[in-house]
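Q: Next input, structure requested:
(one chain, ligands or ions: 1)
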Amino acid sequence: MTASKFHSSQPLHSKNPCGGMPSKFRNTIPSEHFPAEKDRYVLYVNAVCPWAHRAVIALALKGLGDVIQVVEVDARDPIHGWYFSGHRGPESDPIYGVRWLKELYLKANPSYTGRITIPVLWDKQRGTIVNNESADIIRIFISAFDQLLPPERREANKGPAALIPDHLQSEIDKLNSWVYDTVNNGVYKIGFATSQAAYDEHITRLFHSLDRLENHLSEQGQHPYLFGQHITEADIRLYTTLIRFDVAYYALFKCNIKMIRMDYPRLHAWLRRLYWDEGPETAGGAFKKSTQFEVIKRGYASVTVGNGVVPAGPLPHIMPL
Ligand SMILES: N[C@@H](CCC(=O)N[C@@H](CS)C(=O)NCC(=O)O)C(=O)O
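A: Modelled structure (predicted):
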């Protein structure tokens, strides 16, 4: 299919291509149509995108690499959206041979007119999208495939080391909710603000939340990770925004009142611990292996100012421990 075949009723290129807009496919696994099976599902991702990055980390922490195939959609056209370019990922979809992610969305729903976003969790058997909301996809990965994993990797057997321990569920949900609004999505509200008033409002809320997170990490039972001795879902969700903060959001989204490395010692220590750890807590480096600074910087440089010129700093991208 060529680009000219697309006649979408609305442009795919939104002004804010990574803002956390609601997703349209919200099925879960296991369910009547979508059982938990090996070699059935595919996760489409891109290395720039923090929402896809969350899903990649959850998948790696769970050790689901043999159960779910991951495919990188490495390029995005301003008019027609995501496509397989062959530069970093495959030059066409390895399942159907198509070039544009939109073709998969239309296969799932021929009358689909919404945004063509990643991540996408795809079902090869039914030939459709299971879910395209990263928050749901993480939850699916956390427990849906556990029966296919060795007992020690199952969420129910991990006690305090679970990604969402029972006794922390409501605390994790609460933190996720304000972090989503003011930090994960907050940086996009700032970067794409079209009025000074909106920028001022959202940057105030962002730095209030970062201050709050810095305090949170000083409290008993809330370090070295957000909820104590083990990584939880909340760490995954905050990480993918904060690892982009100094290298992308600070300069390119004008989130520049403070820097993580200069102004938030506890968040900085938390971030470096997650990034540099290559032991069992991170399943051998799930955070570091999935973080590609050069790709992230290039991606944000073209999304925001539009000319693709990448800022040199800050260097190093992440400070040593
Ligand atoms: N709520 C979605 C948001 C996903 C999202 O906005 N993805 C961006 C990339 S970072 C995207 O695909 N944007 C393309 C577009 O809007 O055209 C999620 O968390 O999965």
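
Q: got the buried residues for the longest helix along the chain?
A: For the chain, the longest helix by residue count, based on DSSP state H, is helix 196-216. Within helix 196-216, the residues scored as buried using 16 or more other C-beta atoms under 10 Å are Tyr199, His202, Ile203, Arg205, Leu206, Phe207, Ser209, Leu210, Leu213, Glu214, His216. From N, CA and C alone the C-beta is placed, and that goes for glycine too.

Q: wait, the second one sits on Ala193?
A: Yes: the pair His202 and Ala193 passes the contact test of C-beta atoms under 8 Å, sitting 6.3 Å apart.

Q: shared neighbours, those two?
A: Taking C-beta atoms under 8 Å, 6 or more residues apart in numbering as the contact rule, His202 and Ala193 touch no residue in common.

Q: For the residue nearest the centre of the chain, pull up the helix or strand it's in.
A: Centroid check for the chain by C-alpha atoms, centre = their mean gives Trp51 as the closest residue, at 2.3 Å. Using DSSP states H and E, Trp51 sits in helix 50-62.

Q: Now find how far off-centre that helix is within its chain.
A: How far helix 50-62 lies from its chain's middle: 6 Å, per C-alpha atoms, centre = their mean, to the nearest Å.

Q: Same check on stretch 275-283?
A: Going by C-alpha atoms, centre = their mean, where stretch 275-283 is centred and where its chain is centred differ by 18 Å.

Q: Now that stretch: average pLDDT?
A: Averaged over stretch 275-283, pLDDT sits at 98.

Q: Over to stretch 102-117?
A: 96.

Q: again, but for stretch 47-60
A: Rounded mean pLDDT across stretch 47-60 is 98.

Q: ok, that stretch near the ligand or not?
A: Yes: applying C-beta under 6 Å from any ligand atom, one finds stretch 47-60 in contact with the ligand at Cys49, Trp51.

Q: Now that stretch: buried residues?
A: Quick answer for stretch 47-60 (16+ other C-beta under 10 Å): 47-60.

Q: Just the CA atoms of it, as CSV, please.
A: This file holds the C-alpha atoms of stretch 47-60, laid out as CSV (Å, rounded to 0.1, in the frame of the first residue of the first chain):
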residue,chain,number,x,y,z
ALA,A,47,12.0,3.5,21.1
VAL,A,48,11.2,7.2,21.3
CYS,A,49,7.7,6.8,22.8
PRO,A,50,7.5,6.7,26.6
TRP,A,51,4.1,4.9,26.5
ALA,A,52,5.5,2.0,24.4
HIS,A,53,8.6,2.0,26.6
ARG,A,54,6.5,1.2,29.7
ALA,A,55,5.2,-1.9,28.0
VAL,A,56,8.6,-3.0,26.8
ILE,A,57,10.0,-2.7,30.4
ALA,A,58,7.0,-4.6,31.9
LEU,A,59,7.5,-7.4,29.3
ALA,A,60,11.2,-7.6,30.0
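
Q: And that stretch, how far out from the chain middle?
A: 4 Å.

Q: residues contacting the closest residue to Gly284 other than its chain neighbours?
A: Closest residue in space to Gly284, ignoring its immediate chain neighbours: Glu278 at 5.7 Å, by C-beta to C-beta, 6 or more residues apart in numbering. Shown in contact with Glu278 (C-beta under 8 Å, 6+ apart): Gly284, Gly285, Lys288.

Q: Can you tell me what sits against the helix holding Trp51?
A: 18, 20, 43-47, 65, 68, 70, 117-119, 121, 134, 137-138, 141-142, 145, 149, 153, 163, 184, 231, 233, 236-237, 239-241, 244, 282-283, 286-287, 289-291.
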